[in-house]
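A.B. asks: what's the 3D shape of this:
(2 chains)
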There are 2 protein chains.
Amino acid sequence: MTERNLQIVLASRPTGWVEEANFRLQEAPVPEPGDGQVLVRNRWLSLDPYMRGRMSDAKSYAKPVEIGEVMVGGTAGEVVASRHPGFAPGDAVTGSLGWQRYGVADGRALQKVDTREIPLSAYLGPVGMPGVTAWVGLIDICAPKSGDTVVVTAASGAVGSVVGQLAKIHGCQVVGVAGGPEKCRYVVEELGFDACVDYKAGNLRGDLKQALPNGIDCLFENVGGEIFDTLLARMNAFGRIALCGLISDYNTADPYGMKNIRSVLVNRVKMQGFIVSDRMELWPPALKELAGHVAAGRLKYRETVAEGLAEAPAAFIGMLRGRNFGKQLVRLD
Amino acid sequence: MTERNLQIVLASRPTGWVEEANFRLQEAPVPEPGDGQVLVRNRWLSLDPYMRGRMSDAKSYAKPVEIGEVMVGGTAGEVVASRHPGFAPGDAVTGSLGWQRYGVADGRALQKVDTREIPLSAYLGPVGMPGVTAWVGLIDICAPKSGDTVVVTAASGAVGSVVGQLAKIHGCQVVGVAGGPEKCRYVVEELGFDACVDYKAGNLRGDLKQALPNGIDCLFENVGGEIFDTLLARMNAFGRIALCGLISDYNTADPYGMKNIRSVLVNRVKMQGFIVSDRMELWPPALKELAGHVAAGRLKYRETVAEGLAEAPAAFIGMLRGRNFGKQLVRLD
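C.D. replies: Sure, this is the predicted structure:
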């Protein structure tokens, strides 16, 4: 093989907001697959908020990326060479091969996917980790009943957009929270949410009060900070909170002080933090339902695509600042 | 009957800390029991932190006491007159007859108790609402396994002391948090906790770190504020928090800002607020276990007794400030 691999490695750990200087683009040889392994040419890289945690060496649920290591990340691509009986060149696969053009993995760490009815990139979005995250938090943790009011923050994002559409399919009233009128319009007009509150409009408390006359039965929380605190105060008795992300706190050493924890007590709320990779037993039923909805056009999604690996750092930083719209991807040309 | 009833009614709603002027002592006629009702001479009144909530008209899980109404409260006493076939004069009973010498209730709202092996006052403590509260939060919500580290705040109190002793009986490592060296000594030396951290000693974070080398699997939280926030940071993966009370926030309009909610996400913690009266189905198994432990001397308890109804307001205020030691009672002479 004459082509070279292209990689982005962690150059330094961020303090506060991530900067492009925290990453370094480098060339490397294309790796050779060992016994049982598969070489994949990645076509899509998924950018996700959890990656911010891996850049830090603070105690967390997963070990950090080391300085000089390729950044972790979900990928979709095609098999180039295989030393595993389950894979052949040309197979479309997803995996976690990181921020690089080529990657090698054990065959059992790759999933073959069917791109006849669902495009390859959707396996990094509604029919991939973000979709399963939405499913686990909504269906398993919140367990909404028909007629319940479901609120989801970062509503136009890769996870939030699936949460709200799934909740509508399950008969709920759905209110999104998103940043800016364009995202809010999309959430209501394209995705079919019942309402959306623009947290940038300057009247968060009043707007939430008006949009939630019956309170909140299920909260799918991605953002944290003042938005989460304000929503907490509107929880109904026996409400459930799926705590999926706190993106507003990821880039600060001084997190927001939550004042409304009393609502958890007074309203006998169950709040549960979760990580989708803890719940591998739920992936098959989740993916089955999600693939059905996407193939039937019931579950819409939107992608923001950065062109080329070199653009990944800027796209990642933009996502942390809420500049993406829907699922943030990088096309690996 | 020539004796008069004596009552304490809510005179005004507190703003911030409760004051004696929020209560009024008054005489009243001794009530007559109607059909199916029972007249009880109360001997013991239980003072509990939840009463602070009932004095306020902020939205909560129970309706507030109205101005001029007798303060709510658990009581133990003996039947004076009965128009219910299940009760006869002289029977020892517990109920919720409020801050008064005599009360009338439907027979089905009273429980006959056996004072041969367990003293009457214990039915307001370890074999009553506080004990069942401890049982529900620990056994049902936290569900500790043998060897788990269990932390309980307000550890020397009516609920906390039962939580820690039950957890020891179930094979856990138990660390209490209490205010002052005397309470801490009691918790370790008398109640058998493995350790106790004095939150008044001025080194909360360091002392908790030292007392919890293996982190926290189960947290039974009664206090809130800085103590709760500091404990949150020490939760283990898949830890459970039974949120029972937030006494440190009850007397302020500006609650403490919790900075460590991120721990709920990162450690996939389940936090559940609960109220013991929601879980009536658990009272029989809880009371059976608790009565067995108390009768056998395995479950110790301590009482602070105020003498006479007129002392109830001062005793209640003292309890809110942590001045009591163990269960706060009023003897109704």
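
A.B. asks: in the stretch 101-250 of chain A, which segments are predicted with low confidence?
C.D. replies: For the stretch 101-250 of chain A, not a single residue meets the criterion pLDDT under 70.

A.B. asks: Up against chain B, what does it have?
C.D. replies: The interface of the stretch 101-250 of chain A toward chain B, taken as Cβ under 8 Å from any Cβ of the partner chain, is made up of A:Gly224, A:Phe228, A:Ala237, A:Leu243, A:Cys244, A:Gly245, A:Leu246, A:Asp249. Where you see a C-beta, it was placed from the backbone N, CA and C, and this is true even at glycine.

A.B. asks: For the third one, what is the enclosing helix or strand?
C.D. replies: Put plainly, it is A:Ala237. Taking DSSP states H and E as the definition, one finds A:Ala237 inside strand A:235-243.

A.B. asks: List the strands paired with that strand, with their directions.
C.D. replies: Take DSSP bridges as the rule and strand A:235-243 pairs in its sheet with strand A:216-221 (parallel), strand A:270-273 (parallel).

A.B. asks: Skip ahead from the last one and say which helix or strand is next.
C.D. replies: Going back to what we said before, that points to strand A:270-273. On the C-terminal side of strand A:270-273, the closest following helix or strand by DSSP H and E is helix A:283-295.

A.B. asks: can you pull the buried residues of the strand holding A:Ala237?
C.D. replies: Taking 16 or more other Cβ atoms under 10 Å in any protein chain shown as the neighbour-count basis, strand A:235-243 is seen to contain the buried residues A:Met235, A:Asn236, A:Gly239, A:Arg240, A:Ile241, A:Ala242, A:Leu243.

A.B. asks: residue contacts, the first one?
C.D. replies: Think A:Met235. With contact set as Cβ atoms under 8 Å, 6 or more residues apart in numbering or on different chains, A:Met235 has these partners: A:Gly215, A:Ile216, A:Leu219, A:Ile241, A:Ser263, A:Val264, A:Asn267, A:Val269.

A.B. asks: other SSEs contacting whichever strand or helix holds A:Gly160?
C.D. replies: When elements are assigned from DSSP H and E, A:Gly160 belongs to helix A:158-169. The elements that helix A:158-169 packs onto, with contact taken as 3 or more Cβ pairs under 8 Å, 6 or more residues apart in numbering or on different chains; DSSP states H and E, are helix A:129-135, strand A:149-153, strand A:173-178, strand A:216-221, helix A:283-295.

A.B. asks: so it versus strand A:235-243, what angle?
C.D. replies: 140 degrees (axes from the mean of the first three to the mean of the last three Cα atoms, to 10 degrees).

A.B. asks: Helix A:158-169 to helix A:283-295, inter-axis angle?
C.D. replies: Inter-element angle recorded for helix A:158-169 and helix A:283-295: 80 degrees (by the same axes, to 10 degrees).

A.B. asks: Report the distance from helix A:158-169 to the chain centre.
C.D. replies: Chain-centre distance of helix A:158-169: 12 Å, with Cα atoms, centre = their mean, to the nearest Å.

A.B. asks: Please apply the same query to stretch A:208-222.
C.D. replies: On the basis of Cα atoms, centre = their mean, the separation between the geometric centre of stretch A:208-222 and that of its chain is 21 Å.

A.B. asks: For it, buried residues please.
C.D. replies: Of the residues in stretch A:208-222, those buried by neighbour count under the rule 16+ other Cβ under 10 Å are A:Leu208, A:Ala211, A:Leu212, A:Ile216, A:Asp217, A:Cys218, A:Leu219, A:Phe220, A:Glu221, A:Asn222.

A.B. asks: go on, stretch A:28-39?
C.D. replies: Judged by neighbour count using 16+ other Cβ under 10 Å, the buried positions of stretch A:28-39 are A:Val30, A:Pro33, A:Gln37, A:Val38, A:Leu39.

A.B. asks: same question, stretch A:244-263
C.D. replies: Buried-residue list, stretch A:244-263, by 16+ other Cβ under 10 Å: A:244-250, A:255-263.

A.B. asks: Show me where the stretch 1-150 of chain A has its helices.
C.D. replies: With DSSP state H, counting those that start in this stretch as the definition, the stretch 1-150 of chain A shows helices at residue ranges A:50-54, A:129-135.

A.B. asks: ok, and the closest non-adjacent residue to the residue of the stretch 101-250 of chain A at minimum distance from chain B?
C.D. replies: Among residues of the stretch 101-250 of chain A, the one nearest chain B by Cβ to the nearest Cβ turns out to be A:Leu243. It sits 5.0 Å away. Here the nearest residue to A:Leu243 in space, its sequence neighbours aside, is A:Gly273; by Cβ to Cβ, 6 or more residues apart in numbering or on different chains that works out to 4.4 Å.

A.B. asks: Residue in the stretch 151-300 of chain A with the shortest distance to chain B?
C.D. replies: A:Gly257 (1.9 Å).

A.B. asks: what sits against that residue?
C.D. replies: Under the criterion of Cβ under 8 Å, 6+ apart, the contact list for A:Gly257 reads B:Tyr256, B:Gly257, B:Met258, B:Lys259.

A.B. asks: Closest one to chain A out of the residues you listed, please.
C.D. replies: Out of the contacts of A:Gly257, the one with the shortest distance to chain A is B:Gly257. That distance is 1.9 Å, counting by Cβ to the nearest Cβ.

A.B. asks: Need the per-residue pLDDT for that closest one.
C.D. replies: Looking at B:Gly257, its pLDDT reads 95.

A.B. asks: With A:Thr2 instead?
C.D. replies: For A:Thr2, pLDDT reads 63.

A.B. asks: and what of A:Gly36?
C.D. replies: At A:Gly36, the predicted lDDT confidence score is 97.

A.B. asks: Setting aside sequence neighbours, what's the nearest residue to it?
C.D. replies: For A:Gly36, the closest residue by Cβ to Cβ, 6+ apart turns out to be A:His84, at 5.2 Å.

A.B. asks: residues contacting the one you found?
C.D. replies: Residues in contact with A:His84, defined by Cβ under 8 Å, 6+ apart, are A:Pro33, A:Gly36, A:Gln37, A:Val38, A:Asp106, A:Gly107.

A.B. asks: Backbone torsions only: list them for the second one.
C.D. replies: The phi/psi pair for A:Gly36 (degrees, to the nearest 10) reads phi 80, psi 0.
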